[in-house]
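Trainee: Provided below are the primary sequence and the corresponding predicted coordinates.
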Amino acid sequence: MSIRFRAMRSILAFSLALAASAAQGGPRARDLGVPFDGDPGPLNAITDVAGVTVGQVTLIEDLPDGRKVRTGVTAILPRGKDTLTTPVFAGSFVLNGAGEMTGRDWVEESGMLDGPVMLTNTHSVGTVHQATIEWRVKHGTADASGYFWSTPVVAETWDGELNDVNGFHVKPEHVFAAIEGAKPGPVDEGNVGGGTGMICHIFKCGIGTSSRRVKLEGQAYAVGALVQANYGSRASLRIAGVPVGQELPTNAQRGERERGDTGSIIIVVGTDAPLLPHQLDRIAKRAALGLARMGSYAGNGSGDFIVAFSTANAGAMTGSGTLDAKFLDNDSLDGLFEATAQATEEAIVNAMVAARDMAGNAGHEARALPHDVLKKLLARYGRAGSTPR
């Protein structure tokens, strides 16, 4: 075994240990009494959509030269292990384009998402893109030419305030670990995976998720959202209609400063409802309404990218010639539209509630949203009292 391989294996083991220790076991937004509309699934997570798995690798390290590593990778696999061989119908929407989501052009052109959705920091997109292709080439089935054509979806938000973003600390083995470690069940939130170093509304933020159950024509469907949130001004922040940002303005003594509605957010929406690609474009647009409920107005410097997929119609995703697919009529979509906005809003609040204070690179710090203060504000505005789920 080479010295380089042993060193990289050691780094990976350390990273995975940090990922486990960074998992947030504290309360979620509903546990604090934040009221939300709609009926969440049993996990209140994107993994309430059957088959969806999520994997995360968290990198937190203080280097000898004083630089701070606060970053990671999050992988969302629409069909779990079957993601390798069976794509999903998909659509997307860009609310404001100051950012990057690779592979989106092909999603829009083909109407399909072929492979996982990967989330990371801005300067690690290239590494994650290449490593995702490498993983698929190694594990997938080559086409007739002997190659495996792949344009993976990799999306980013900027963590350069807390993370040594120019140190390029995300390596291919971290990408492999995130994909191979993807699992169903509860999803870690806050300072984990691609969200490790992220900030939203000048509070520490990161990964968050939520879901809704919808009944249409007697049939139950799940809609789930997962966000990597790194956007927004403090002044505009609203939680359950409460003007939290006005009540908790930035504190210059703590190094906080208003930055306007800049930064970015990536929103991934999954559903088991049978939808065609153009309908999933419409679903993606409704996720932006959940973002608006938080007080975002998608400022000039914000990158707000949304991808939506449906796990239905697996049989229409393979084979050739004439294929059959089922889909809901457009008049039946309102319940899914509403559920998408609701789940997106709650996912963002869950990301904020789960996050913890973080000291980062170059002396920068980000404070978490104080739970006790949030509960008092909800009570003062008559908005407390949600049943925890």
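Mentor: Here it is on my side, so go on.

Trainee: what's the burial count for residue 27?
Mentor: Residues near residue 27, counting by other C-beta atoms under 10 Å, number 14. To be clear about C-beta, it is placed using only N, CA and C from the backbone, and glycine gets the same treatment.

Trainee: what pLDDT does it get?
Mentor: What the model reports for residue 27 is a pLDDT of 95.

Trainee: from residue 291, how far out is it?
Mentor: Distance of residue 27 to residue 291, computed by C-beta to C-beta, to the nearest Å: 23 Å.

Trainee: helix or strand with the lowest mean pLDDT in the chain?
Mentor: helix 3-22 (a mean of 44; mean pLDDT, DSSP states H and E).

Trainee: what is the next helix or strand after it packed up against?
Mentor: Per DSSP states H and E, the first helix or strand lying C-terminal to helix 3-22 is strand 53-62. Applying 3 or more C-beta pairs under 8 Å, 6 or more residues apart in numbering; DSSP states H and E, we find strand 53-62 packed against helix 3-22, strand 68-77, helix 172-180.

Trainee: the shortest one packs against which elements?
Mentor: It refers to helix 172-180. Here helix 172-180 touches helix 3-22, strand 53-62, strand 68-77, strand 117-121, helix 125-139, going by 3+ C-beta pairs under 8 Å, 6+ apart.

Trainee: tell me the helix or strand right after it.
Mentor: Sequence-wise, the next helix or strand downstream of helix 172-180 (DSSP H and E) is strand 199-200.

Trainee: what comes into contact with the next helix or strand after that next one?
Mentor: Once strand 199-200 ends, the next helix or strand along the chain (criterion: DSSP H and E) is strand 203-204. With contacts defined as C-beta atoms under 8 Å, 6 or more residues apart in numbering, strand 203-204 is touched by 190-191, 198, 234, 237, 352, 355-358, 366-369.

Trainee: and those, which is closest to residue 158?
Mentor: Nearest to residue 158 among the contacts of strand 203-204, counting by C-beta to C-beta, is residue 198 at 8.3 Å.

Trainee: so what's the closest one closest to, chain neighbours aside?
Mentor: Spatial nearest neighbour of residue 198, excluding adjacent residues (C-beta to C-beta, 6 or more residues apart in numbering): residue 230 at 3.8 Å.

Trainee: now that neighbour, what's its secondary structure?
Mentor: Put simply, residue 230 is strand when judged by DSSP: H, G, I helix; E, B strand; the rest coil.

Trainee: residue ranges in the stretch 251-389 of the chain under the pLDDT threshold?
Mentor: 386-389 (pLDDT under 70).

Trainee: is it correct that residue 258 is in contact with residue 202?
Mentor: Yes - taking C-beta atoms under 8 Å as the definition, residue 258 is a contact partner of residue 202 at 7.0 Å.

Trainee: shared neighbours of the two, anything?
Mentor: Shared contacts of residue 258 and residue 202, defined by C-beta under 8 Å, 6+ apart, are found at 233-234, 250.

Trainee: save these as CSV, and put in secondary structure too.
Mentor: As requested, these are exported to CSV (three-state DSSP):
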residue, secondary structure
233, coil
234, coil
250, coil
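
Trainee: just put these in TSV and tack on neighbour count, distance to residue 42 and pLDDT.
Mentor: Converted to TSV, those look like this (neighbours: other C-beta atoms under 10 Å; distance: C-beta to C-beta, whole Å; pLDDT from 0 to 100):
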residue	neighbour count	distance to residue 42	pLDDT
233	22	35	95
234	22	34	96
250	17	38	90
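
Trainee: just put those in CSV and tack on distance to residue 330.
Mentor: Shown next, in CSV, are the shared contacts of residue 258 and residue 202 (distance: C-beta to C-beta, whole Å):
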residue, distance to residue 330
233, 36
234, 39
250, 44
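
Trainee: which member of those is positioned nearest residue 378?
Mentor: residue 234 (17.7 Å).

Trainee: show me the helices in the stretch 201-350 of the chain, by range?
Mentor: In the stretch 201-350 of the chain, the helices defined using DSSP state H, counting those that start in this stretch lie at 244-247, 277-293, 334-354.

Trainee: can you say which of the ones you listed is nearest to residue 145?
Mentor: By C-beta to C-beta (comparing all of the helices of the stretch 201-350 of the chain), the closest turns out to be helix 277-293, at 26.2 Å.

Trainee: isn't residue 288 right up against residue 298?
Mentor: Yes - between residue 288 and residue 298 there is a contact under C-beta under 8 Å: 7.5 Å.

Trainee: now do the spatially most central residue of the chain against residue 99, distance only.
Mentor: Centroid-nearest residue in the chain: residue 227, 3.0 Å away (criterion: C-alpha atoms, centre = their mean). Per C-beta to C-beta, residue 227 is found 14 Å from residue 99.

Trainee: now swap in residue 223 and tell me
Mentor: For residue 223, the distance to residue 99 equals 24 Å [C-beta to C-beta].

Trainee: neighbour-wise, which of the two wins?
Mentor: residue 223 (34 against 23).

Trainee: dump the residue contacts of the more buried one.
Mentor: Neighbour list for residue 223: 49, 211-212, 214, 269-271, 273, 336, 339-340, 343 [criterion: C-beta under 8 Å, 6+ apart].

Trainee: most neighbours among these, which one?
Mentor: residue 343 (35 neighbours).

Trainee: can you tell me how far the closest residue to that residue other than its chain neighbours is from residue 336?
Mentor: Spatial nearest neighbour of residue 343, chain neighbours left out: residue 225 (4.1 Å); criterion: C-beta to C-beta, 6+ apart. To residue 336, residue 225 is 12 Å away according to C-beta to C-beta.

Trainee: returning to that earlier point: can you name the residues that contact the residue nearest to residue 343?
Mentor: Contact analysis of residue 225 by C-beta under 8 Å, 6+ apart lists 46, 209-211, 267-270, 287, 290, 340, 343-344, 346-347.
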